[in-house]
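Trainee: Please work out how this folds:
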Amino acid sequence: MLLLAADENFNSAILRGLLRVKSNLDIVRVQDVGLSATDDPIILEWAAEADRALLTHDAATMTKYAYERINAGKHMPGIIEVSRKVPLGIAIDDILLIAETCQRGELEGQIMYLPLSK
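Mentor: Numbers count the residues shown, from 1 in each chain. Okay, here's the model as predicted:
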């Protein structure tokens with residue numbers, strides 16, 4: 001199962017729903033590890049060190065910095081970008097599907113965009 005992290009502005013209702021459905025899901029909020037109000041490159045570096053795929057709604061800057069890491073040959077354990085327009089239940093189902101079916105390292109250098117289907 002993937003280790004996950006959620007960036008500071010990630011929808012807390014999605015996080016609560018994920019843990020309600022799968023209480024043993026290994027997910028950490030960046031603010032809980034002292035990274036509140038931290039720049040995206042530092043968050044991505046922390047996620048790489050912790051080997052956690054990052055959940056975000058930030059398709060603009062977070063993905064930009066993720067691609068910079070990839071192009072520089074740096075470890076980037078994956079980004080799961082969740083559109084703010086995705087209904088709560090679909091976001092939860094899609095994230096759980098990814099977390100439960102992907103192994104650590106499987107999203108290396110990848111950015112996944114949710115919803116998985118339209």
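Trainee: what's near enough to touch Val82?
Mentor: Phe10, Asn11, Ile14, Leu55, Thr56, His57, Ala91, Asp94, Ile95, Leu114 (C-beta atoms under 8 Å, 6 or more residues apart in numbering). C-beta coordinates here come from the backbone N, C-alpha and C atoms, glycine included.
Trainee: Highest neighbour count among those residues?
Mentor: When neighbours are counted by other C-beta atoms under 10 Å, Ile95 leads those with 29 neighbours.
Trainee: And the helices in the chain?
Mentor: 12-21, 40-50, 61-71, 88-101 (DSSP state H).
Trainee: picking that back up, so which of the contacts of Val82 is the closest to Glu45?
Mentor: Thr56 (14.8 Å; C-beta to C-beta).
Trainee: got the contact list for that closest one?
Mentor: So Thr56 contacts Ala6, Asp7, Asn9, Phe10, Met62, Thr63, Ile79, Ile80, Glu81, Val82 (C-beta under 8 Å, 6+ apart).
Trainee: Quick one: buried ones out of those residues?
Mentor: Among the contacts of Thr56, those classed as buried by neighbour count (16 or more other C-beta atoms under 10 Å) are Ala6, Asp7, Phe10, Met62, Thr63, Ile79, Ile80, Glu81, Val82.
Trainee: Give me the subset of the contacts of Thr56 lying in strands.
Mentor: Secondary structure defined by DSSP state E assigns Ala6, Ile79, Ile80, Glu81, Val82 of the contacts of Thr56 to strands.
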